[in-house]
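Novice: Sequence first, predicted coordinates after that:
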Amino acid sequence: MGAYLMETLEPKKNYISWPVLALMDFVTVIGFDDLTYNFQNQGMGVITSWVIMLFLYVIPYSLMVGQLGSVFNHEGGGLTSWVRGTSGEFLGYFTAWTYWAASIPYVVDTANSIVVGLGWAYNGNAKMQSQMSNGWFAFWTLVTFVVFIFVQSRFKRSLEVLSTIGGIAMFGMTVLFVLMTFAGLAAGGHIATQPMNIHTIIPKFDLHYLTTIGLLIYAVNGYLLTCGLSAFIMLLGIFLPSMNDIFNWLLNLNGIISPGVTCWIFFAFIKIRQDSQKFPSDYVYIKNDKVALAVGWWCLIITAVATIFGIGPQDVSFGTSTWWYELVINFVAIIVLIGLGTVLPYVTRRENRSTTGSAFTRLQWTGILAAIFLTIVGDLYLGGSNYQHNIISIVVISIVGIALVVAFGWKEYNLKEA
């Protein structure tokens, strides 16, 4: 009877089978995009960059993570737990937020890829990219993203099913790429890069190279809020000249945000090695604390430099109007994605002051979401139109939308008695 009660009271646990987990890991770690992105920016010279990164960055990075995991082996929060354990609750929370915010440009980029892929599947060519306006492209990207959010939130095993489909497709493409390489050479094809010598794989160390380092590091590493931030990111890109520019900009934005989050790993490692007696571990990366600190600072500085240089636009001519526009929206995206993390504690305080446990009433939520939705639809429509004053109109609509959100959410209801 006691055993039966224990089984009844304990929540049922669901486990992911190892084949599904392996496919999920394959998509995450060995995605071909991470390789082709860097070939696009650095050419064959990226081979040398990868070798240098492997020994001077990737291996130390992995071993530092190993020691951090050993120090906090009873914690379940990963990077957040490491920073919280070394630097307190606030930085732990801020790390968690920045880590989550870093995923937003990535998921928007993924939704973009799906829309482009569907266009190729339907037309058999790049016809859609030349005919669809940026506004409609942003709209269909948002629709795609919302559909996947809905599926993931409503269907229990959707993550496993989608990961299995994606993993099989990615694995198949990986094998296909390798087979096509040898098949092409066997059929009399030639390597396109000529001449193929040592100079071909040595990168050109200039400003453009520095702005692309972040993508090398990037390859190493709430639904309503997610949808809202994703829509905001798409809105920033609708004034770029073409769909291809939007795609490249989102990729470059990933090369800024993701390395910035990686800095927290080296920060936590430096903190535990500054006081190694306080943070003992079974596994220690580099026994000498001074040498370990030097390596930690080396990785932190490299990552920070890559993050800063990554802010510079990479796929457009320097000094052009598009270059300046991308530079501005890079700063805007970073400020909003990171800065919004300071707003959420305010929302939490409102929830704690409310007798219902909700920061806003149902009517307030309706008004806030309606204002956000109408603002997004209006901006997307104007962004895809040829209206002469569309930029001014979008700015006005955005300001009005923000004002309405503030107005709807300003007053607090159902306050607890003091």
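Specialist: Here it is on my side, so go on. All values reported here derive from a predicted model rather than from experimental measurement.
Novice: Break the chain down into its structural domains.
Specialist: Per automatic domain parsing, the structural domains of the chain span 13-186+200-342, 343-410.
Novice: between the ones you listed, which gets the lowest average pLDDT?
Specialist: When the domains of the chain are ranked by mean pLDDT, domain 13-186+200-342 comes last with a mean of 74.
Novice: and that domain, how far from the chain's centre?
Specialist: Relative to the chain's own centre, domain 13-186+200-342 is displaced by 5 Å; criterion: Cα atoms, centre = their mean, to the nearest Å.
Novice: going forward can the numbers begin at 5, since that is how I track them
Specialist: All set: I'll call the first residue 5, so the last point we hit is now domain 17-190+204-346.
Novice: surely residue 321 meets residue 328?
Specialist: No - using Cβ atoms under 8 Å, residue 321 is not in contact with residue 328, being 10.9 Å away. To be clear about C-beta, it is placed using only N, CA and C from the backbone, and glycine gets the same treatment.
Novice: Counting neighbours around each, name which of those two comes out higher.
Specialist: Higher neighbour count among residue 321 and residue 328: residue 328, with 13 against 9, using other Cβ atoms under 10 Å.
Novice: For the more buried one, what are phi and psi?
Specialist: Backbone torsions of residue 328, given as degrees, to the nearest 10, read phi -70, psi -40.
Novice: what does residue 358 give?
Specialist: With angles defined as degrees, to the nearest 10, residue 358 sits at phi -90, psi 140.
Novice: before we move on, what about the one 4 residues further on?
Specialist: The main-chain torsion angles of residue 362 are listed as degrees, to the nearest 10 and equal phi -120, psi 140.
Novice: Would you agree residue 192 falls within a helix?
Specialist: No - applying DSSP: H, G, I helix; E, B strand; the rest coil, one finds residue 192 to be coil, outside a helix.
Novice: For the closest residue in space to residue 401 that isn't next to it in sequence, I want the exact helix or strand it lies within.
Specialist: Distance criterion Cβ to Cβ, 6 or more residues apart in numbering; nearest residue to residue 401, sequence neighbours excluded, is residue 382 at 4.7 Å. For residue 382, the host element (DSSP states H and E) is helix 366-387.
Novice: Can I get that helix in PDB, CA atoms only?
Specialist: Extracted in PDB, the C-alpha atoms of helix 366-387 (Å, rounded to 0.1, in the frame of the first residue of the first chain):
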ATOM      1  CA  ARG A 366      -6.800  40.700 -17.400                       C
ATOM      2  CA  LEU A 367      -8.100  44.000 -19.000                       C
ATOM      3  CA  GLN A 368      -4.600  45.600 -18.700                       C
ATOM      4  CA  TRP A 369      -3.000  42.500 -20.400                       C
ATOM      5  CA  THR A 370      -5.600  42.700 -23.200                       C
ATOM      6  CA  GLY A 371      -4.800  46.400 -23.800                       C
ATOM      7  CA  ILE A 372      -1.000  45.900 -23.600                       C
ATOM      8  CA  LEU A 373      -1.100  42.900 -26.000                       C
ATOM      9  CA  ALA A 374      -3.500  44.700 -28.400                       C
ATOM     10  CA  ALA A 375      -1.300  47.800 -28.500                       C
ATOM     11  CA  ILE A 376       1.800  45.600 -29.200                       C
ATOM     12  CA  PHE A 377       0.100  43.600 -31.900                       C
ATOM     13  CA  LEU A 378      -1.400  46.600 -33.700                       C
ATOM     14  CA  THR A 379       2.000  48.400 -33.500                       C
ATOM     15  CA  ILE A 380       3.800  45.400 -35.000                       C
ATOM     16  CA  VAL A 381       1.200  44.900 -37.800                       C
ATOM     17  CA  GLY A 382       1.300  48.600 -38.600                       C
ATOM     18  CA  ASP A 383       5.100  48.800 -38.700                       C
ATOM     19  CA  LEU A 384       5.300  45.700 -40.900                       C
ATOM     20  CA  TYR A 385       2.700  47.000 -43.300                       C
ATOM     21  CA  LEU A 386       4.400  50.300 -43.700                       C
ATOM     22  CA  GLY A 387       7.900  48.700 -43.900                       C
END
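Novice: residue ranges for the helices of the stretch 305-422 of the chain, please.
Specialist: 325-343, 348-357, 366-387, 394-413 (DSSP state H, counting those that start in this stretch).
Novice: So for residue 285, which of those sits nearest?
Specialist: For the helices of the stretch 305-422 of the chain, proximity to residue 285 was assessed by Cβ to Cβ; helix 325-343 is nearest, at 30.5 Å.
Novice: Going by contacts, tell me the helices and strands next to that closest one.
Specialist: helix 93-105, helix 107-127, helix 227-240, helix 247-278 (3 or more Cβ pairs under 8 Å, 6 or more residues apart in numbering; DSSP states H and E).
Novice: and the closest residue to residue 330 other than its chain neighbours, what are its phi and psi?
Specialist: Leaving aside its chain neighbours, residue 330 sits nearest to residue 317 (3.9 Å; criterion: Cβ to Cβ, 6+ apart). Main-chain dihedrals, residue 317, degrees, to the nearest 10: phi -60, psi 140.
Novice: Please report how far residue 317 lies from residue 325.
Specialist: Residue 317 sits 11 Å away from residue 325, going by Cβ to Cβ, to the nearest Å.
Novice: Looking at the two, which is more packed in?
Specialist: Per other Cβ under 10 Å, whichever of residue 317 and residue 325 has more neighbours is residue 317, with 23 against 11.
Novice: which ones are touching that one?
Specialist: The contact partners of residue 317, taken as Cβ atoms under 8 Å, 6 or more residues apart in numbering, are 215, 253, 256, 326, 327, 330, 331, 334.
Novice: same thing but 7 Å
Specialist: 256, 327, 330, 331 (Cβ atoms under 7 Å, 6 or more residues apart in numbering).
Novice: burial measure for the third one, as a count.
Specialist: One way to gauge burial is a neighbour count; for residue 330, by other Cβ under 10 Å, it gives 25.
Novice: Help me confirm that it comes into contact with residue 254.
Specialist: No - between residue 330 and residue 254 there is no contact under Cβ atoms under 7 Å: 10.8 Å.
Novice: measure the most centrally placed residue in the chain to residue 312 for me?
Specialist: With distances taken as Cα atoms, centre = their mean, the residue of the chain nearest its centroid is residue 107 (2.8 Å). According to Cβ to Cβ, residue 107 and residue 312 sit 21 Å apart.
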